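K.L.:
A structural model of the following input is requested.
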Amino acid sequence: MRSYLFVTGLFVCFSLWSDQTITYHSLTDGIHTQTKWSLAKTVNQVEIFGQNRGNEIKLKYSPTFDLIHYFEKDSKKTIFEIQKEGDVLSVKTNAKSKTLKLGKLPWIQEFKFGFQPFLKSKEKELPFTIVYSKDTTLHEMIATKEKIEKVKVEDKTYEAQKLKITLQGFKKRFWKAEAWFDLETNLMVKYTSNEGPGTAPIEVTIFPS
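P.N.:
Numbering: from 1, shown residues only. Reported below is the predicted structural model:
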C-alpha cells in the first residue's frame, strides 16, 4: 500500500507540470542560452525532451521515476546514449560502446528531473551515480537536503528545498553544485555550479510561467 501511495504521489506531482513546456535560462561565462523542455506521461513511462540551439536531450523514466534511457546529441551530431537494463548501463557514443555495472545506487543523469523520488521522501541524503560523458565512466555522488529557502527568479518568489550535490570521498573538495526545487511542483527553479577548479560558474534558472 505504501509503495502504491508513493508512486501515486509522484504522478500527482508530475501532473502539475506534464504536457507543457518548461524553459530554463543558463548563464556561463557571460554566455546566455535557453533550453525548452517538453514533458508527457504515458501509462508505462514519463518522457522528457529538451532542445537548445541544435542540441537535444531525451529522457525516459519508469512510473516510479527511475531513469531507464538517456539520449543526448549536440549540434555537431555527437551522440551520448545510455540504456538501463536491470543494474547494467549500456553506454554508446560515436566512438565506442561499453557496459557499466551500476550496483545498488540509483542512476541520475539529469539533475532537473532525476531527484523527484528523493524530494518526495523523508530521506536527508541520496547517494547516486552519474555517467561522465567525456570518458563514459561512473562517478559516485551524493545529494543532501539542506534548509528550505525563498528563491526569487525574475519577479516570482518560490519556497524551495535546497540540495547540495557533491562527489563522494576526497573528490568532493573539487566540485559542488547547489539546486533549489519548488515545494509545490518539485520543479528545479535554480541551479549553481562550475565544471571544476578555475572554471567559470554556471547558473541555471527557470523561466517563470
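
K.L.:
Please count neighbours and contacts with C-alpha atoms only from this point.
P.N.:
OK.

K.L.:
Mind checking what helix or strand follows the longest strand seen in the chain in sequence?
P.N.:
Ranked by number of residues, the top strand in the chain under DSSP state E is strand 137-153. As assigned by DSSP states H and E, the chain's next helix or strand after strand 137-153 is strand 156-167.

K.L.:
Would you mark the buried spots in that following strand?
P.N.:
For strand 156-167, the buried set under the neighbour-count rule, 16 or more other CA atoms under 10 Å, comprises Tyr158, Glu159, Ala160, Gln161, Lys162, Leu163, Lys164, Ile165, Thr166, Leu167.

K.L.:
give the contact list for Leu163.
P.N.:
By CA atoms under 8 Å, 6 or more residues apart in numbering, Leu163 lies in contact with Ala143, Thr144, Lys145, Glu146, Glu178, Ala179, Trp180.

K.L.:
just Leu89 next, same as before
P.N.:
Residues in contact with Leu89 (CA under 8 Å, 6+ apart) are Ile82, Gln83, Thr99, Leu100, Lys101, Leu102.

K.L.:
my guess is the fifth one contacts Val88, does it?
P.N.:
Yes: between Lys101 and Val88 there is a contact under CA atoms under 8 Å: 4.9 Å.

K.L.:
the more surrounded of the two?
P.N.:
Neighbours were counted for Lys101 and for Val88 using other CA atoms under 10 Å; Val88 has more, 14 against 11.

K.L.:
list the contacts for the more buried one?
P.N.:
Counted by CA under 8 Å, 6+ apart, Val88 has contacts Thr99, Leu100, Lys101, Leu102.

K.L.:
And these, which of them are buried?
P.N.:
Buried members of these, scored by 16+ other CA under 10 Å, are Leu100, Leu102.

K.L.:
From the contacts of Val88, which land in strands?
P.N.:
Thr99, Leu100, Lys101.

K.L.:
What does the pLDDT read for the second one?
P.N.:
Spelled out, it's Leu100. pLDDT, Leu100: 97.

K.L.:
Which strand residues bridge it?
P.N.:
Leu89 (DSSP bridges).

K.L.:
and it, how far is that from Thr137?
P.N.:
For Leu100, the distance to Thr137 equals 8 Å [CA to CA, to the nearest Å].

K.L.:
where does the residue nearest to Lys156 when sequence neighbours are not counted land on pLDDT?
P.N.:
Leaving out its chain neighbours, the residue that sits closest to Lys156 by CA to CA, 6 or more residues apart in numbering is Pro208, at 6.8 Å. Pro208 carries a pLDDT value of 75.

K.L.:
doesn't Thr157 make contact with Pro208?
P.N.:
No: applying CA under 8 Å as the test, Pro208 and Thr157 come out as separate, 9.4 Å apart.
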